[in-house]
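A.B. asks: build the 3D model from these lines:
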Amino acid sequence: MEQILINLFAGAVGGGAAGKASPTFDMGTAGNLIAGAVGGGVLGQIVTLAMPAIGASLASGNFSVGGVVANLISGGAGGAILTALIGALKNRAA
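C.D. replies: Numbering: from 1, shown residues only. Sure thing, here's the model as predicted:
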């Protein structure tokens, strides 16, 4: 459960940063945070599936700083990527 929360939080932060970094991707604060959280959750889960060592260490209770850092990076990246994609599509259609 901690892993998902970390991914969602990091994704929201990444989405907010990506939206504010470029007016092309900005969907407003709420839109950036929601898209970022979804992207962070999705990419964070994909990274965990691709890297079973991180998931195993979290599931076994051997919670390490490396696992948290990997989740923060993957969640933030996922949030930024999804926010940028949705923002670009939304602004292109407008």
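
A.B. asks: got the buried residues for the longest helix along the chain?
C.D. replies: Among the segments of the chain that qualify as a helix by DSSP state H, the longest is helix 65-93. Residues 67-68, 70-72, 74-84, 86-87 are the ones in helix 65-93 that count as buried (16 or more other CB atoms under 10 Å). (Each C-beta comes from the backbone N, C-alpha and C, glycine too.)

A.B. asks: how close does the most centrally placed residue in the chain sit to residue 93?
C.D. replies: Central residue of the chain (CA atoms, centre = their mean): residue 40, 1.9 Å from the mean position. Separation of residue 40 from residue 93 (CB to CB, to the nearest Å): 24 Å.

A.B. asks: what about the protein, any weak spots by pLDDT?
C.D. replies: For the chain, residues meeting the criterion pLDDT under 70 lie at 48, 50-51, 53-58, 61-64, 67, 94.

A.B. asks: need the contact list for the residue nearest to the centre of the chain.
C.D. replies: Residues near residue 40 by CB atoms under 8 Å, 6 or more residues apart in numbering: 7-12, 14-15, 74-76, 78-79, 82.

A.B. asks: do the same with residue 91
C.D. replies: The contact partners of residue 91, by CB under 8 Å, 6+ apart, come to 24-25.

A.B. asks: what do you get if the cut-off is 6 Å, keeping everything else the same?
C.D. replies: residue 24 (CB atoms under 6 Å, 6 or more residues apart in numbering).

A.B. asks: and the closest residue to residue 86 other than its chain neighbours, how far from residue 11?
C.D. replies: Spatially, and ignoring its direct neighbours in sequence, residue 86 is nearest to residue 35 (4.9 Å; CB to CB, 6 or more residues apart in numbering). From residue 35 across to residue 11, the span is 9 Å (CB to CB).

A.B. asks: of the two, which one has the most company?
C.D. replies: Using other CB atoms under 10 Å, the more surrounded residue of residue 35 and residue 11 is residue 11, with 33 against 29.

A.B. asks: how close does that one get to residue 25?
C.D. replies: 14 Å.
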